[in-house]
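Novice: need coordinates for the below:
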Amino acid sequence: TVPLDLGAKGSCQIGGNVASNAGGLRLVRWGSLHGSVLGIEAALPDGTLLDTLSTVRKDNTGLDLKQLFIGSEGSLGVITKVAIAAPRKPKAVDVCV
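Specialist: All right, here's what the predicted structure looks like:
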């Protein structure tokens, strides 16, 4: 399951959700989209591709440029690919009435 559940499911794209740092209906349960993004690929205004696609949770090799693009509303570039950490689907859901 993707930890993002938006009201505009049929009309939104994942790149736009990351660019606007959309929280969605499951924000309280799964946390911000900011923490779920593992890597991005973005097209910069001059046409070059910035590739920070990585599925590694921790990366201390330099500046974390993907965090700049998350929530930038497209002002730094257009996000073309995203790697998202998806939590495991729960085995059961218990409801108490």
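Novice: and the helices in this structure?
Specialist: 14-20, 27-30, 33-36, 65-69 (DSSP state H).
Novice: dump these into a markdown table; add mean neighbour count as well.
Specialist: All C-beta atoms are positioned from the backbone trio N, CA, C, and that covers glycine. What follows is these, written out as a markdown table (neighbours: other Cβ atoms under 10 Å):
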| stretch | mean neighbour count |
| --- | --- |
| helix 14-20 | 19 |
| helix 27-30 | 12 |
| helix 33-36 | 17 |
| helix 65-69 | 18 |
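Novice: among the ones you listed, which gets the worst mean confidence?
Specialist: Across the helices of the chain, helix 27-30 has the smallest mean pLDDT, namely a mean of 72.
Novice: ok so, going back, now the helices of the chain as CSV including distance to Leu76?
Specialist: CSV is the format used below for these (distance: least, Cβ to Cβ, whole Å):
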stretch, distance to Leu76
helix 14-20, 9
helix 27-30, 23
helix 33-36, 15
helix 65-69, 6
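Novice: so what pLDDT did Gly77 get?
Specialist: For Gly77, the model assigns a pLDDT of 90.
Novice: between the helices of the chain, which one is closest to Pro90.
Specialist: Nearest to Pro90 among those is helix 27-30 (10.6 Å), distances taken as Cβ to Cβ.
Novice: spatially central residue for the chain, please.
Specialist: Centroid check for the chain by Cα atoms, centre = their mean gives Val37 as the closest residue, at 4.0 Å.
Novice: right, and it touches Val18 too?
Specialist: Yes: applying Cβ atoms under 8 Å as the test, Val37 and Val18 come out as touching, 6.0 Å apart.
Novice: I appreciate the help and will end here.
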